[in-house]
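In: could you look at this predicted model? Sequence included:
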Amino acid sequence: MRAYKHMLFTLAMRVLRQREDAEEVTQDAFVKAYRKLPDFTGASKFSTWLYSITYHTAISKLRSRRSGVADLEDVPETFLATAEHSSATHADRKQALELAMGRLPAEDAAVVSLFYFSEQSVEEIVTATGLSASNVKVKLHRSRKKLLEVLQDHLREELWTLHEE
Amino acid sequence: MNPHEADAALRDLFREAGGLDAPEGMDARVLQQLAGTPAVQRERPLLPMWAWGMGAALVVAAVWTARDDATGWIPAMHLATVLRSSWTLMTIGAGTLLFALHVWLNGRSAVARQRS
């Protein structure tokens, strides 16, 4: 549980953007995983299986909370503060990333988190989310574009130099 | 910046930013919840699929052994007569119905497990 709790909580937060709900979903996901353990066949990685349970639990929670897509109202205040420094620090970059992620629809944010943060392949994301491969690719393409737009606004050249370091 | 470079830059950024810390005490709450949740044992079908396959293979083998020119432990029989017999037809019908019931019940329990 220790190995996965931060990853699962991060995924739940990407979808729900509320700590209380994300915590509830992460707890539920662990309990469901425990109960469904006999059904785990090993067809996918254990982490992918856990992501799948967490993703579906979070999406159900989101749908029960309200229909539709998360918007800026859901983004915590601290995420909305913009970094105005010419040279972005680690905290600025993290803040800019949170801001950019907050602008993505919940489902897209989950796909992005699985791809970039959890380093899952497209095939594994398909397994975890139940979305089609083409849908995942479209979401990644669209999200990448949107993330870069927001990050460019807030980090300017920092994003590109970070990769080159 | 091409998509691959953008992916690499974003991955670096996500790695640098790290994940969000799960709330303190979550482990204990999960364990507490689990303490009151008995593990659900997977319901195993009464007859596994290989048993059905083996049963079917045995029937075919018995019929094959007992075809017109057989001299084995099963008395020789005329295949056409056997297949036309109402007993054979009833056996085939009952077997098919039981197999369909088995598949249907397995499907229902899989759906129930998924919903839970």
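Out: In hand now; what should we look at?

In: which residues does A:Lys100 contact?
Out: No, residue A:100 isn't Lys; it's Ala. For A:Ala100, the contacting residues are A:146-147, A:150-151, A:154, by CB atoms under 8 Å, 6 or more residues apart in numbering or on different chains. Just so you know, the C-beta spots here come from the backbone N, C-alpha and C atoms, and that holds for glycine as well.

In: would you confirm that B:Leu10 contacts A:Tyr116?
Out: Yes - B:Leu10 is within contact range of A:Tyr116, at 5.1 Å (criterion: CB atoms under 8 Å).

In: ranges for the helices of chain A?
Out: With helices called from DSSP state H, chain A shows them at A:2-16, A:19-36, A:46-65, A:77-80, A:90-102, A:106-112, A:122-129, A:133-155, A:158-164.

In: state the mean pLDDT of stretch A:140-150.
Out: In this model, stretch A:140-150 has an average pLDDT of 91.

In: please pull out the lowest mean pLDDT helix or strand from chain B.
Out: Ranked by mean pLDDT, DSSP states H and E, the weakest helix or strand in chain B is helix B:79-84, scoring a mean of 75.

In: now swap in chain A and tell me
Out: helix A:77-80 (a mean of 38).

In: how far off centre is the helix or strand following the least confident helix or strand of chain B?
Out: Heading C-terminal from helix B:79-84, the first helix or strand you meet, by DSSP states H and E, is helix B:86-115. Centroid displacement of helix B:86-115 relative to its chain, using CA atoms, centre = their mean, to the nearest Å, is 13 Å.

In: what residues of helix B:86-115 count as buried?
Out: Using 16 or more other CB atoms under 10 Å in any protein chain shown as the test for burial, helix B:86-115 gives no buried residues.

In: try stretch A:3-16
Out: By 16+ other CB under 10 Å, the buried positions in stretch A:3-16 come out as A:4-16.

In: and it, is it in reach of chain B?
Out: Yes - under the criterion of CB under 8 Å from any CB of the partner chain, chain B is reached by stretch A:3-16 at A:5-10, A:13.

In: and chain A, which of its residues are near chain B?
Out: Neighbours of chain B within chain A, by CB under 8 Å from any CB: A:1-2, A:5-10, A:13, A:19, A:23, A:26-27, A:30-32, A:34-39, A:90, A:93-94, A:97-98, A:113, A:116-117, A:119, A:141, A:144, A:147-148, A:151, A:159-160, A:162-163.

In: right, and A:Asp92 touches A:Leu155 too?
Out: Yes - because the distance of 7.2 Å satisfies CB under 8 Å, A:Asp92 is recorded as touching A:Leu155.

In: quick one: low-confidence parts of chain A?
Out: For chain A, the stretches with pLDDT under 70 are A:1, A:66-88, A:156-165.

In: can you do 90?
Out: Low-confidence segments of chain A (pLDDT under 90): A:1-6, A:17-20, A:34-44, A:63-100, A:102-103, A:148-165.

In: same deal with chain B?
Out: Using pLDDT under 90, chain B drops low at B:1-52, B:55-56, B:58-89, B:91-92, B:95, B:99, B:102-116.

In: for A:Asp92 and A:Leu155, indicate the residue with more neighbours.
Out: A:Leu155 (23 against 18; other CB atoms under 10 Å in any protein chain shown).

In: how much space between the more buried one and A:Leu11?
Out: 24 Å (CB to CB, to the nearest Å).

In: what of A:Leu104?
Out: Counting by CB to CB - A:Leu104 and A:Leu11 are separated by 13 Å.

In: can you check A:Asp28 too?
Out: For A:Asp28, the distance to A:Leu11 equals 13 Å [CB to CB].

In: kindly report the same for B:Gly18.
Out: Separation of B:Gly18 from A:Leu11 (CB to CB): 14 Å.
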